[in-house]
Structures are given as C-alpha cells and as structure tokens.
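Student: sequence-free structure coming up:
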C-alpha cells in the first residue's frame, strides 16, 4: 500500500528519513503528493514532493521490507545507503527470515533504487529523490 493515512504506514513512509513529518495532502489514482517538513519553525525547512505511482504499480513487498529495514536501522545518509550491499543483504535476511542469494537480493535492491520521488519547487517538478549505494 502506498500509505495508510490512519497510521502513516506504507511504502512512502518507509522512505521518509528519520522522524521527519510528511503530511500527504493529495492522493490521486496515479500520484501522491505532500510536503516533507524538516523544521516547523523554519518556513524554508520543507520540501514539496510528488510520487507518480498507483496502488497497482507499487514496488514489491520485498522492496517495501527493504525500505523499512533501511529506515529502522538508520542505514541511509540523505539518499545514500551507508552499508555494503552484502551487509545489507545479511541484515535483510536476518530481519525477515529470508535466504535471498546475492542475485535475488540485487533484484530487490534494484527495485528500491528505481523508486523516484519528484521534488516540487514553485509548483514545478524539478529534482528527484532516489536511493543510491
């Protein structure tokens, strides 16, 4: 699920770094948009976003679990994964009771890296947030 507004869970919240607030303002059949709030006291401390995604085309449950693991263990520095791929695979397998081979895990990681969340500035989609190794 993209997100469940009642408890702020779902794929989008798994990608949100740390404890940032991320109120979603619009959910449409083909996109989700809102604002990431970095600092309430600073009007410049926020970023509008738009994720062109539908429930039917969401990344797999495995990619969602990987995003959750990365968030839970604080393994992301802005947009870069902070551990080696094989270490991340071991953490994933341990956390979710899996035995993914390096090749299988690469597919899950690639799926997560293909998620593109557009940044919106002055009403226009400009840059994008993607996860890197």
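Tutor: Great, that's in hand. If you're wondering where the values come from, they're calculated on a predicted model, not measured in any experiment.

Student: switch to C-alpha atoms for all contacts and neighbour counts from now on
Tutor: OK.

Student: show me where pLDDT drops low in the chain?
Tutor: In the predicted model of the chain, residues 1-24, 38-43 satisfy pLDDT under 70.

Student: now the host helix or strand of residue 104: buried residues?
Tutor: Counting by DSSP states H and E, the element that carries residue 104 is helix 102-113. Across helix 102-113, burial judged by 16 or more other CA atoms under 10 Å covers 105, 108-109, 111-113.

Student: what packs against that helix?
Tutor: Using 3 or more CA pairs under 8 Å, 6 or more residues apart in numbering; DSSP states H and E, the elements in contact with helix 102-113 are helix 61-72, helix 85-96.

Student: residues making contact with it?
Tutor: Residues outside helix 102-113 that contact it (CA atoms under 8 Å, 6 or more residues apart in numbering) are 59-60, 62-64, 66-67, 86, 89, 130-132.

Student: let's go with 6 Å and repeat that
Tutor: For helix 102-113, contacts defined as CA atoms under 6 Å, 6 or more residues apart in numbering pick out 63, 131.

Student: quick one: name whatever helix or strand follows that helix.
Tutor: Criterion used, DSSP H and E; the element after helix 102-113 is strand 117-121.

Student: farthest pair in the buried residues of helix 102-113?
Tutor: For these, the farthest-apart pair by CA to CA is 105 and 113; their separation is 12.2 Å.
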